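Colleague: just coords:
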């Protein structure tokens, strides 16, 4: 398999709404494998397909830490069907916005329906880091970035920094 290049802010692809997966075929399975390789290499705990330039509703995730055994999870066509009114705040980062971390407030609990890698319908109730990560990655599928949940002033500073970096890299 292969490690895919990450799409980095300010690339407009990150604002694209991803298309639902119609069929879990060999291409989607290869995409999932390569997303895991890319995510582990980065290293990260979650990755949406759009972050490797594929506008499909596919998310890979592994919340295991350090020496813990890997616990890879796949969410195809994930959809939040219920969110708690109670909020929680986590410091979030993003492989597409490297080295930036900000506190983001989101619903503390969510219920998500999705397909697993075999195409079976699943539903999960999540809280804590899993709930935050699911919301973060589902946002990616909808063209939303975690910096959209922080103040406009902070967001504008971050975007400006990445636009400058992209211009320097292009020249």
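Modeller: Yep, that arrived. Everything numeric here is computed off the predicted structure, so don't read it as measured data.
Colleague: contacts, neighbours, all on C-alpha from now
Modeller: Fine.
Colleague: ok, and for stretch 8-15, which residues are buried?
Modeller: Under the neighbour-count criterion of 16 or more other C-alpha atoms under 10 Å, stretch 8-15 has 8, 9, 10, 13, 14, 15 buried.
Colleague: just the strands in the chain please.
Modeller: 46-48, 58-61, 73-83, 87-94, 97-107, 109-115, 121-127 (DSSP state E).
Colleague: output those strands as TSV; include the columns distance to residue 163 and mean neighbour count.
Modeller: Shown next, in TSV, are the strands of the chain (distance: least, C-alpha to C-alpha, whole Å; neighbours: other C-alpha atoms under 10 Å):
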stretch	distance to residue 163	mean neighbour count
strand 46-48	22	28
strand 58-61	26	25
strand 73-83	30	19
strand 87-94	16	16
strand 97-107	11	16
strand 109-115	34	20
strand 121-127	34	14
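Colleague: which residue lies nearest the spatial centre of this structure?
Modeller: residue 137 (2.9 Å; C-alpha atoms, centre = their mean).
Colleague: mind checking how far the residue lying closest to that residue once chain neighbours are set aside is from residue 16?
Modeller: What sits nearest to residue 137 in space, not counting adjacent residues and going by C-alpha to C-alpha, 6 or more residues apart in numbering, is residue 48, at 5.7 Å. Using C-alpha to C-alpha, to the nearest Å, residue 48 is found at 12 Å from residue 16.
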